[in-house]
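K.L.:
Just the structure for this:
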Amino acid sequence: MPPLDFDRYQSEKRLSFDVLPIYVEYQPIGDGMSWTPISAPPDAPPPRPITMRAQSIPPRHEFPEHAHEWHQVVYAVDGVLMAIAENRSFVISPEQAVWLPSGIRHRVGSLLGAEFRSLWIAVDSGRNLPSTPTVLAVSPLLKELIVEAAAIEGHKDDDGYTDRVTTLILDQLGRARALTGGLPWPRGERLLRLCEALYVDPADARSLDDWAKLLGMSSRTLTRQFEAEMGSSLRSWRRRVRLLRAIELLRSGMGVTEAAMQLGYGSASAFIFAFRTEMGSSPHAYTRNATSAHYDGRRAAT
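P.N.:
The predicted structure follows:
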């Protein structure tokens, strides 16, 4: 598989992006900026049913393609990750995780930087979990268990507490809902240029006519090709990208007004209205609900 070499990346009435995965057929554009490799974990089995690894990944860094003798769960605490496995890419937003079975070759990278947790799970402990890479919804209970497991990793366990946390994590993973659907991503190079630019800079104000001219086609052709390949209009797709990026920005601690400007909304009130319409709650309410887990997750990594 070619290197993770892209300078991009990164229906309804309500789009709950905290439980909405993005499935992307991996297709490098070839002219993107290079990514910096990070050493893959050692090729040795974990010493117990679950081993936790807490890590931050800088922008444009990746773990090159590798495989494990154990299962792996990659959970995005902050930021957005892209995991590539079996020629598919899984864009993992906060409060999602990707399940990577033993022996599956994969890579994980982040365009803008992210904080994540890796759970290495012994093969015998994951018998009831999927046999193929799968995006899972992370319940509030599972999220807190992962935070706790990271906090106690490496501590002496005299009373069996670690074993009890491990048992609950495995139980919750077995109950986790597999996610389907998601944000479509193009295969063709010209649409890739468009979608990558809008993902990186959702405030990009260029019109359909502007993009058509830049991509060397008529506006009608661009509209037709986009809808045929993506299954939605450019306007609808752009709205979904903005909501995904909104979650990223809010979870990073950015204020509502600043996030609205970065996302290209004309005012904070317009952003609040759009967010509430799609997510069912205001940005302020979403931020309040995420703050505690955000703080605990960072503390567990120290």
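K.L.:
mind listing the strands in the stretch 51-200 of the chain by residue range?
P.N.:
Counting by DSSP state E, counting those that start in this stretch, one finds strands in the stretch 51-200 of the chain at the ranges 61-66, 71-79, 81-85, 88-92, 96-100, 106-110, 114-121, 134-137.
K.L.:
Give me the contact list for stretch 156-175.
P.N.:
Stretch 156-175 is contacted from outside by 48-50, 73, 99, 119, 121, 125-126, 128-129, 136, 139, 141-142, 145-146, 148-149, 152, 155, using CB atoms under 8 Å, 6 or more residues apart in numbering. To be clear about C-beta, it is placed using only N, CA and C from the backbone, and glycine gets the same treatment.
K.L.:
Give me the average confidence score over that stretch.
P.N.:
In this model, stretch 156-175 carries a mean pLDDT of 89.
K.L.:
What residues of that stretch count as buried?
P.N.:
162, 165, 166, 168, 169, 170, 172, 173 (16 or more other CB atoms under 10 Å).
K.L.:
before we move on, what about stretch 49-68?
P.N.:
By neighbour count with 16+ other CB under 10 Å, stretch 49-68 contains the buried residues 49-54, 57, 60-63, 65, 67-68.
K.L.:
just how off-centre is it within its chain?
P.N.:
14 Å (CA atoms, centre = their mean, to the nearest Å).
K.L.:
what pLDDT, on average, does it get?
P.N.:
pLDDT averaged over stretch 49-68 gives 89.
K.L.:
For residue 230, state which of the buried residues of stretch 156-175 is nearest.
P.N.:
residue 173 (32.0 Å; CB to CB).
K.L.:
Low-confidence stretches in the stretch 1-150 of the chain?
P.N.:
1-34, 42-47, 87-89 (pLDDT under 70).
K.L.:
Kindly reformat the buried residues of stretch 49-68 as TSV containing distance to residue 191.
P.N.:
As requested, those are arranged in TSV below (distance: CB to CB, whole Å):
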residue	distance to residue 191
49	44
50	41
51	41
52	39
53	36
54	37
57	27
60	22
61	26
62	23
63	28
65	26
67	31
68	34
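K.L.:
Closest one to residue 77 out of the residues you listed, please.
P.N.:
For those, the nearest to residue 77 is residue 54 (8.3 Å; CB to CB).
K.L.:
how far away is that closest one from residue 123?
P.N.:
Distance of residue 54 to residue 123, computed by CB to CB, to the nearest Å: 22 Å.
K.L.:
How about residue 287?
P.N.:
Residue 287 is 39 Å from residue 123, where distance means CB to CB.
K.L.:
Between these two, which is the more surrounded one?
P.N.:
Between residue 287 and residue 123, counted using other CB atoms under 10 Å, residue 287 has the larger neighbour count: 18 against 14.
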